[in-house]
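# Sequence first, predicted coordinates after that:
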Amino acid sequence: MIVNLPATTTNDVNKKITGLREEGGALTLSRVLTLVIALDGEDGLEDSIEAANFASREHPCRVIVVLPGDRKAKEPTLDAEIRVGADAGAGEVVVLRLNGELYEHANSVVLPFLLPDTPVVAWWPVDAPAVPAQDPLGQLAIRRITDATNSSDPLAAIKSRLKSYTAGDTDLAWSRITYWRALLASALDQAPFEPVTSALVSGLKDEPALDVLAGWLASRIDGKVHRAVGDLKVELHRASETVTLSRPQTGVTATLTRTSRPEALIPLARRDAKECLAEDMRRLDADEIYFEALAGIDKVQYT
Amino acid sequence: MEKKSSETSASASGWSNPLRDKRDKRMPRIPGPCAVVIFGVTGDLARKKLMPAIYDLANRGLLPANFALVGFGRREWSDEDFGKLVGDSVREHARTQFSQEVWDRLAEGIRFVQGTFDDEKGFQRLAETLEKLDAERGTGGNHAFYLSIPPNAFQTVCEELQKSGLARPQQGRWSRVVIEKPFGHDLASAQELNNTVNSVFPEESVFRIDHYLGKETVQNILALRFANNLYEPIWNNNYVDSVQITMAEDIGLGGRGGYYDGVGAARDVIQNHLIQLMALTAMEEPVNFSPHELQAEKIKVLSATRPMQPLDETTSRGQYSAGWQGSEKVPGLLEEEGFSKDSKTETYAAIALEIDTRRWAGVPFFLRTGKRLGRRVTEIALLFKKAPHLPFDTTMTEELGKNALVIRVQPDEGITLRFGSKVPGSQMEVRDVNMDFSYGSAFAEDSPEAYERLILDMLLGEPSLFPVNREVEYSWEILDPVLDHWAEHGKPDAYESGTWGPESAVEMMRRMGREWRRP
């Protein structure tokens, strides 16, 4: 169910939410966090809500979407939309369109909707502020999720994350490669127990997940890491063998090859934003490994 | 060597995997290359739990690329026939969505070896198949043998595994054996079984599955007790009056006569599941969560536990008779197929245990289980003593019962806290109310199934959630006096299907001044 509340106040929206819940009866599930989605416009609205609804089944949460309505409006007004039941995930979705000057005060508008005594997560699905932790909405949150993949210059975006990094920051480009990292780590659990002397990460130019993957490798191994544009693959070079994890660009099956060993195939599709988001909401403490991976990007050699 | 392989990243001296970091909590642990061999592929458990769990692990990306699944059985099957059996059971019982891609990858590593449990040639073929898989699929010589078979076949299979050389891995590889309950039918037989298995596989390679220990709610007992400051101060005989641990099933035993007749509810459920739940509820805080320390604490509390005396007053057993299970008319045990007309097998068992420690002296632990009871439910309930003084008139607190903390293990996993609250109105009147925490609403909808967790832990060589031989033997020591007493005196009392057990169980509690919770 979608309820539209044009030209309203935060008070009335809150009353309506409570009212809807009382009417619905069983909607009073416990929710573990509040997810605030910040958008620059209508672009990406439905996709983001869909991803948030997916993630809310794993992490029951209230979803608050903040976006500008008519920024040129003379009067600062609020248009709200409440989605519950089939149109929401495990919690409720509140879409807030801020008109005129009100958009400058998004944090004040969001504040009354934050659930008591539970963490707040902020997510910028498209463009992120330069320093998420200093953004008014970012200041409310203990976890700030950006997504370099959707920005206009992904490489510049992921590189800029280091400078603005504050404990609690993370980027969906990082969760996108979790299983790649797990498979590579698992491969090094096996003999031969030799150090990795160099590594190669290759793939699309505009896939920041690969840049952060290269940065992660550079932060972990004692050797050069190259980032190339070409077929999608990661190579780990060691004295007596090369470990290669590769996948056709749009394929769903990856191949793990090791010198003088049988090839192994494994399902490894590109992760959707919704799965990445759900993973990112699983832990709310600082991700130090991500920070080190960001720092590692500087050591990566681009060819 | 075996022990070290549990910490794979440190398995060669001085080597530490540069890509691993304890702070990297995001990264899932994927086991190294391996093959799982299932004995007893057509059994219910293999088809409904084991194979679907393996698929679910693959679907969650938690199986290695170099993985193989081998079935061993009597039938004249090709790899494809076995693959079809696995595929059907996956489609029917898996918890995650079916993905053709994941299934195709898994299916490539499926093999079947024909043979009987005492057929040396069959085991040679198995050894050859595994060797070929090492070459073709790169399974690395690591093998897990899952014995989903009756315990009387354990010895034969273990011996054949030893003869074929499969039980002794080469340096840097591992062989593990997984066994399912029952772990014997009394102390002597359990010891014999342990000796048999341990003569072939060292104890650290033996993984005994008690699927209750893989359940999230059961692991949460430890989190609830030791991560919070709220409960530990009252978790003792100063505040706790008694503990009731219940596992009730609504199903009967039609068709399971061959296994169940002569075994009974106490051996089938109390010896393993309920005594394990009791140990987790009653144990002291381990100094850390390493498998060894956890086991040490469980063993300590089990060694201090014994049944309350006299047994004819503190135990009860029953056998279901015909009745109405909800809306369905069901037969009694004696009319079920596979049971003798004069079977003395109990389908309901209730016992009272006492723990001789400072924390628990004087607190009875009531354990009960049964078939064809009111509904399917497993729970642990701590009932607290009444407040020593109530500054209310008795009329105000007539409806106030004991405070209770209930850990709901299944279904509707969660925790309930029961306490008194004022009834709204102009008068002071206190009545019991519930405060609920429900897993389903606070965490992942698709938390992994118990078997998934246990199989993954076994492949990783992580033994915390598996009972060791000492635990099994202690639980028989606790239960044996009751079983002996029952064997010598009387027979189970009949109870109507769909009710909460025989009248004697109610009386047993009444004698001790308590009553059963209706779960």
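Perfect, thanks for sending it. Numbers count the residues shown, from 1 in each chain, chains lettered A, B, ... in the order given.

# Let me see the domain layout of chain B.
Using automatic domain parsing, the domain ranges for chain B come out as B:4-10+B:25-180, B:214-399+B:472-511.

# Let me have the ones you listed in a markdown table, extended by mean pLDDT.
Listed next are these as a markdown table, based on pLDDT from 0 to 100:
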| stretch | mean pLDDT |
| --- | --- |
| domain B:4-10+B:25-180 | 88 |
| domain B:214-399+B:472-511 | 91 |
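
# So which of these is nearest B:Ser199?
domain B:4-10+B:25-180 (7.5 Å; CB to CB). To be clear about C-beta, it is placed using only N, CA and C from the backbone, and glycine gets the same treatment.

# Leaving out sequence neighbours, find the closest residue to the residue in the stretch 151-300 of chain B that chain A sits nearest to.
Closest residue of the stretch 151-300 of chain B to chain A, CB to the nearest CB: B:Gly172 (6.4 Å). Nearest residue to B:Gly172 in three dimensions, chain neighbours excluded: A:Ala191, at 6.4 Å (CB to CB, 6 or more residues apart in numbering or on different chains).

# what number of residues lie near that neighbour?
Applying other CB atoms under 10 Å in any protein chain shown, we find 13 residues neighbouring A:Ala191.

# What of A:Asn53?
A:Asn53 - counted by other CB under 10 Å - has 20 other residues nearby.

# List the contacts of it.
A:Val63, A:Ala88, A:Gly89, A:Val93 (CB atoms under 8 Å, 6 or more residues apart in numbering or on different chains).

# For residue 225, list the residues it contacts.
All of this is about chain A. A:Ser198, A:Ala199, A:Leu200, A:Val201, A:Ala214, A:Gly215, A:Leu217, A:Ala218, A:Gly296, A:Lys299, A:Val300, A:Gln301.

# Chain B, not that one
B:Tyr231, B:Glu232, B:Trp235, B:Glu285.

# tell me, which of those make contact with chain A?
Among these, no residue sits close to chain A (CB under 8 Å from any CB of the partner chain).

# Stretch B:289-309: which residues count as buried?
B:291, B:294-295, B:297-302, B:304-305, B:307-308 (16 or more other CB atoms under 10 Å in any protein chain shown).

# on that earlier part again, export the domains of chain B to JSON lines and tack on distance to A:Phe291?
Listed next are the domains of chain B as JSON lines, based on distance: least, CB to CB, whole Å:
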{"stretch": "domain B:4-10+B:25-180", "distance to A:Phe291": "13"}
{"stretch": "domain B:214-399+B:472-511", "distance to A:Phe291": "27"}
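
# Any stretches of chain A with poor pLDDT?
Along chain A, the parts satisfying pLDDT under 70 run over A:24-30.

# distance from the centroid: which residue in it tops it?
Outermost residue of chain A with respect to the C-alpha centroid, by CA atoms, centre = their mean, is A:Ser260; its distance is 38.1 Å.

# so is it in a helix, a strand, or just coil?
The three-state label for A:Ser260, taken from DSSP: H, G, I helix; E, B strand; the rest coil, comes out as coil.

# how about the nearest residue to it, chain neighbours excluded?
Beyond its immediate neighbours in the sequence, the residue positioned closest to A:Ser260 (CB to CB, 6+ apart) is A:Glu241, lying 7.2 Å away.

# Count the residues that sit near the one you found.
17.

# returning to that earlier point: is it fair to say the residue of the stretch 151-300 of chain B closest to chain A lies in a strand?
No. Assessed with three-state DSSP, B:Gly172 is coil; it does not lie in a strand.

# For it, grab phi and psi.
Main-chain torsions, B:Gly172, degrees, to the nearest 10: phi 80, psi 0.

# Buried residues in stretch A:244-256, which are they?
So stretch A:244-256, judged by 16+ other CB under 10 Å, has buried residues A:Thr244, A:Leu245, A:Ser246, A:Arg247, A:Ala254, A:Thr255, A:Leu256.

# for the stretch 51-200 of chain A, what spans make up the helices?
A:106-110, A:136-140, A:154-164, A:172-175, A:178-188 (DSSP state H, counting those that start in this stretch).

# List the contacts of A:Ala148.
A:Pro154, A:Ala157, A:Ile158, A:Arg161, A:Asp171, A:Leu172, A:Ala173, A:Pro208.

# who wins for neighbours among those residues?
Most surrounded of the contacts of A:Ala148: other CB under 10 Å gives A:Pro208, at 30 neighbours.

# quick one: that residue from chain B, how far?
Separation of A:Pro208 from chain B (CB to the nearest CB, to the nearest Å) stands at 17 Å.

# Specify which member of the contacts of A:Ala148 is nearest to A:Asn14.
For the contacts of A:Ala148, the nearest to A:Asn14 is A:Leu172 (30.2 Å; CB to CB).

# Please list the residues of the stretch 151-300 of chain A that sit near chain B.
A:175, A:178-179, A:181-186, A:188-191, A:193, A:195-196, A:217, A:220-222, A:252-254, A:256, A:258, A:261-262, A:264-269, A:279, A:282-283, A:287-289.

# Next to chain A in this structure, residues from the stretch 51-200 of chain B, please.
Contact residues, the stretch 51-200 of chain B versus chain A (CB under 8 Å from any CB): B:58, B:61, B:64-66, B:99, B:101-102, B:105, B:108, B:135-138, B:140, B:172.

# Which ChimeraX command selects the buried ones in these?
With 16+ other CB under 10 Å as the criterion, this ChimeraX line picks the buried residues out of these:
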select /B:58,61,64,65,66,99,101,102,105,137,138,140
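
# Just flag the most distant two among the residues of the stretch 51-200 of chain B next to chain A.
Longest span within those, CB to CB: B:Ser99 and B:Gly172, 33.4 Å.

# contacting residues for the residue nearest the centre of chain A?
Closest to where the C-alpha atoms of chain A average out (CA atoms, centre = their mean) is A:Leu172, at 3.1 Å. By CB under 8 Å, 6+ apart, the contact list for A:Leu172 reads A:Ile145, A:Thr146, A:Asp147, A:Ala148, A:Thr149, A:Ala273, A:Cys276, A:Leu277, A:Asp280.

# mind putting those in JSON lines, distance to B:Asn194 included?
Compiled in JSON lines, the contacts of A:Leu172 are given as follows (distance: CB to CB, whole Å):
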{"residue": "A:Ile145", "distance to B:Asn194": "51"}
{"residue": "A:Thr146", "distance to B:Asn194": "55"}
{"residue": "A:Asp147", "distance to B:Asn194": "54"}
{"residue": "A:Ala148", "distance to B:Asn194": "56"}
{"residue": "A:Thr149", "distance to B:Asn194": "55"}
{"residue": "A:Ala273", "distance to B:Asn194": "51"}
{"residue": "A:Cys276", "distance to B:Asn194": "47"}
{"residue": "A:Leu277", "distance to B:Asn194": "48"}
{"residue": "A:Asp280", "distance to B:Asn194": "46"}
